[in-house]
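Participant: Test case, fold it:
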Amino acid sequence: MGRSDWEQMGSPPVETVALAVHDLSAHPPAARPDAVERVESDLHAGLDLAHPPLIRAALCTFGAGEHGQLLLAIHH
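Facilitator: Alright, predicted model coming up:
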């Protein structure tokens, strides 16, 4: 049988990942999905396979009492 554990190859492990916070509270509720989609697009566009880390994170906030959205872009 083959190995039962996995091993990362090619890049050293990432110690920390920067979290970009986007305050979308000024957007009306109906416009928020489009605003989140723009953040998602920027997050994916920022992945550079030649320059680790190959993970990016963003938090979209919508104001007090509203649940935010955590977005992750990870190259696999």
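
Participant: Please spell out which residues along stretch 44-64 are buried.
Facilitator: Of all the residues in stretch 44-64, those buried under the rule 16 or more other Cβ atoms under 10 Å are 53-54, 56-58, 60, 62. For every residue, glycine as well, the C-beta is placed using N, CA and C.

Participant: what pLDDT, on average, does it get?
Facilitator: Per-region confidence: stretch 44-64 scores 90 on mean pLDDT.

Participant: And for stretch 17-30?
Facilitator: Predicted confidence along stretch 17-30 averages 95 (mean pLDDT).

Participant: Now do the contacts for the closest residue to residue 23 other than its chain neighbours.
Facilitator: Leaving out its chain neighbours, the residue that sits closest to residue 23 by Cβ to Cβ, 6 or more residues apart in numbering is residue 61, at 5.3 Å. Residues touching residue 61, when contacts are defined by Cβ atoms under 8 Å, 6 or more residues apart in numbering, comprise 21-25, 68.

Participant: and the two most separated of the buried residues of stretch 44-64?
Facilitator: Greatest spatial distance in those: 54 and 62, 28.2 Å, computed using Cβ to Cβ.

Participant: Tell me the buried residues in stretch 19-30?
Facilitator: Buried residues in stretch 19-30 (16+ other Cβ under 10 Å): 22, 24, 27.

Participant: Please work out which residues outside that stretch touch it.
Facilitator: Residues lying outside stretch 19-30 but in contact with it, judged by Cβ under 8 Å, 6+ apart, are 32, 35-36, 39, 43, 56-63, 66.
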